[in-house]
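Student: dropping the sequence and predicted coords here.
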Amino acid sequence: MAKQVLLCPPAYFEVVDQKNPYMSEMIPVDREKAQRQWQTLCSALEQAGCQVETIAPAPGLEDMVFAANQVFVGFHEKAGKFVVPSRMVHGSRQREVPFYVDWFRKRGFKIIDLDLGSDYLEGHGDLLWHPDWSRIYAGYGFRSTQTGVEKLRDAMTKLGIPVVPLRLVDPYCYHLDTCFCPLNSEAVLVYPGAYAAESLATLRGFWKRVHELTADEAHKFMGNGIVANGSYLTPYLTPHLESILRQEGLTPVVVDTSEFEKSGGSLFCMKAFLP
Ligand code: ARG
């Protein structure tokens with residue numbers, strides 16, 4: 001069965017404030033170009049054997065196109081399909097969350113609401129599954145808070161799913177998905193400079209092969225790719241990244257996301273895989 005993936009059209013996508021360092025120049029978005037790039041991403045996902053689902057964009061929610069952040073999507077033998085709603089740092093992004101929660105509720109997902117209080121948790125921006133669903137890696141420090149991640153850990157522990165907190169230290173890697181990309185159950189792509197030393201050491205313990213990106217590759221979102229049925233969708237490709245992908249049996253597919261990079265996001269940020 002085709003892997004289902006959720007995206008949101010960039011109909012209202014804009015750069016209106018500075019949520020991360022990539023947005024500091026406030027470069028205006030070319031929305032038609034953004035629409036074409038988004039469409040190319042949809043086609044690339046379909047070509048990689050995925051079935052694309054969409055959620056309707058809402059006016060005034062300029063970042064709703066980044067479908068990775070509003071909920072954390074999971075699956076568990078006992079709990080079935082579930083989502084954990086995010087508590088986003090930025091006000092406009094908080095308003096995206098109910099739209100996504102409704103979308104998932106209507107499709108039968110269980111909603112696991114954490115009592116986040118004043119903590120933050122930003123969905124798959126900071127929370128990534130091990131490819132075999134055995135564990136969750138959880139970045140914190142810029143967006144998700146340490147105690148937010150601990151609250152997720154408490155809830156997931158009850159389901160028997162371990163959560164591995166990882167402290168992030170590079171403002172250009174403000175979300176874990178900018179510096180951490182599982183390629184398969186044994187190999188991961190990381191940018192080491194994004195992590196506190198003890199977190200990097202912890203992370204290494206879980207993988208047979210840790211492939212390292214350079215700062216330049218990471219800051220150009222080459223670690224924010226999408227793995228789908230033997231392809232690695234990436235916004236840019238260096239000979240170095242290409243050789244890593246070949247070693248892991250993945251075929252690189254370059255998909256331009258220049259408009260979305262103005263907002264500090266790229267391919268991984270623009271979708272959520274459904275279990
Ligand atoms: N402008 C968005 C923000 O700062 C970009 C989100 C990127 N998403 C991601 N999963 N890294 O919130």
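Tutor: Great, that's in hand.
Student: could you check the pLDDT of residue 78?
Tutor: Looking at residue 78, its pLDDT reads 82.
Student: hang on, residue 116 is in a helix, isn't it?
Tutor: No - in this structure, residue 116 is coil, not part of a helix, as judged by DSSP: H, G, I helix; E, B strand; the rest coil.
Student: phi, psi for the closest residue to it other than its chain neighbours please.
Tutor: Once flanking residues are discounted, residue 116 sits nearest to residue 87: 4.4 Å by C-beta to C-beta, 6 or more residues apart in numbering. (C-beta placed from N, C-alpha, C; glycine too.) Dihedral pair for residue 87: phi -120, psi 100, per degrees, to the nearest 10.
Student: got the contact list for residue 87?
Tutor: 94, 97, 116, 119-121, 148 (C-beta atoms under 8 Å, 6 or more residues apart in numbering).
Student: out of those, who's the most crowded?
Tutor: The residue in the contacts of residue 87 with the most neighbours, by other C-beta atoms under 10 Å, is residue 121 (28 neighbours).
Student: gap between the residue lying closest to it once chain neighbours are set aside and the ligand?
Tutor: Leaving aside its chain neighbours, residue 121 sits nearest to residue 148 (4.2 Å; criterion: C-beta to C-beta, 6+ apart). For residue 148, the distance to the ligand (C-beta to the nearest ligand atom, to the nearest Å) stands at 15 Å.
Student: okay, and which of the contacts of residue 87 map to strands?
Tutor: With DSSP state E as the criterion, strands contain none of these.
Student: quick one: the helices in the stretch 51-200 of the chain, in order.
Tutor: Per DSSP state H, counting those that start in this stretch, the stretch 51-200 of the chain carries helices over the ranges 91-94, 97-106, 146-158, 197-204.
Student: I'd like the ones you listed as CSV, with mean pLDDT appended.
Tutor: As requested, those are exported to CSV (pLDDT from 0 to 100):
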stretch, mean pLDDT
helix 91-94, 98
helix 97-106, 98
helix 146-158, 97
helix 197-204, 98
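Student: possible to save these as CSV with distance to residue 19?
Tutor: Shown next, in CSV, are these (distance: least, C-beta to C-beta, whole Å):
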stretch, distance to residue 19
helix 91-94, 8
helix 97-106, 15
helix 146-158, 17
helix 197-204, 23
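Student: out of those helices, flag the one nearest residue 164.
Tutor: helix 197-204 (6.5 Å; C-beta to C-beta).
Student: ok, then the element right after that closest one?
Tutor: Downstream of helix 197-204, the first helix or strand assigned by DSSP states H and E is strand 209-212.
Student: next helix or strand past that next one?
Tutor: Next along the chain after strand 209-212, taking DSSP H and E as the criterion, comes helix 215-219.
Student: and that next one, what's buried?
Tutor: In terms of neighbour count (16 or more other C-beta atoms under 10 Å), helix 215-219 has its buried residues at 217-219.
Student: do the same with stretch 152-170
Tutor: 152-153, 155-156, 161, 163-168, 170.
Student: equivalent analysis for stretch 12-25, please.
Tutor: 12-15, 19-20, 22-23.
Student: stretch 58-76 too?
Tutor: Using 16+ other C-beta under 10 Å as the test for burial, stretch 58-76 gives 61-74, 76.
Student: same question, stretch 253-269
Tutor: In stretch 253-269, counting by 16+ other C-beta under 10 Å, buried: 253, 255-257, 259-269.
Student: of those, which belong to helices?
Tutor: In this view, those that belong to helices under DSSP state H are 259-261.
Student: and the residues you listed as JSON lines, adding pLDDT?
Tutor: Below are these laid out as JSON lines (pLDDT from 0 to 100):
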{"residue": "259", "pLDDT": "98"}
{"residue": "260", "pLDDT": "98"}
{"residue": "261", "pLDDT": "98"}
